[in-house]
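Asks: kindly return the folded structure for what I paste below:
(chains A, B and C)
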Amino acid sequence: MKEKELRRSLSVLPIGTVMKLTDLSARQIRYYEQQGLVIPERNEGNRRMYSLNDIDQLLEIKDYLGEGINMAGIRQLYEQQQQKEESAKNKRQQQPLTDADVRRILREEFKAVGGLSDGTTRLSVRNQEL
DNA sequence: CTTCTAACA
DNA sequence: TGTTAGAA
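Replies: Here you go, the predicted model:
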């Protein structure tokens, strides 16, 4: 299924369409770009052209922001995500995660999210409960 | 008409 | 983040 990924990577959507699809303002979309997240291609007229992957990316960012994570935090989660994708290529086949593994990973995620929050939002589950 | 950049009563 | 001006 390489064709599918190719289509999702084609940058063919102008910012106006992205605004409707993501329910984000042009200001926000451009600002997130300045922050180093979702850098769209530019057409001949210097206009931003987004791909379907960019749309997903923006929606993901929107979710994180809704959970009280700031852009600096998203950048870090993003870098961690990219590093995990690389390491995943090496560790071809992995053993299924044990119950203890899941709880350990979950604890790390909450610790990271809690530390990156801006303070206006609080997690409903305390780290100790994990 | 749509989008871009830069700036702020 | 919103909004606005001036240019493309």
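Asks: what helices or strands is the longest helix belonging to chain A leaning on?
Replies: When chain A is parsed with DSSP state H, its longest helix is helix A:71-90. Here helix A:71-90 touches helix A:52-66, helix A:99-116, going by 3 or more CB pairs under 8 Å, 6 or more residues apart in numbering; DSSP states H and E. (C-beta placed from N, C-alpha, C; glycine too.)
Asks: quick one: which of these is nearest A:Leu13?
Replies: helix A:52-66 (7.3 Å; CB to CB).
Asks: check which residues of the closest one are buried.
Replies: A:Leu52, A:Asp54, A:Ile55, A:Gln57, A:Leu58, A:Glu60, A:Ile61, A:Tyr64, A:Leu65 (16 or more other CB atoms under 10 Å).
Asks: where is pLDDT lowest across these?
Replies: Lowest-confidence member of the buried residues of helix A:52-66: A:Tyr64, scoring 87 (pLDDT).
Asks: could you find the closest non-adjacent residue to it?
Replies: A:Ile74 (5.1 Å; CB to CB, 6 or more residues apart in numbering).
Asks: ok, now which ones touch the one you found?
Replies: By CB atoms under 8 Å, 6 or more residues apart in numbering, A:Ile74 lies in contact with A:Gln35, A:Leu37, A:Ile61, A:Tyr64, A:Leu65.
Asks: repeat for A:Thr22
Replies: Residues near A:Thr22 by CB under 8 Å, 6+ apart: A:Ile29, A:Ile55, A:Leu58, A:Leu59, A:Lys62.
Asks: returning to that earlier point: residues of the longest helix of chain A that come out buried?
Replies: For helix A:71-90, the neighbour count (16+ other CB under 10 Å) marks A:Met71, A:Gly73, A:Ile74, A:Leu77, A:Tyr78 as buried.
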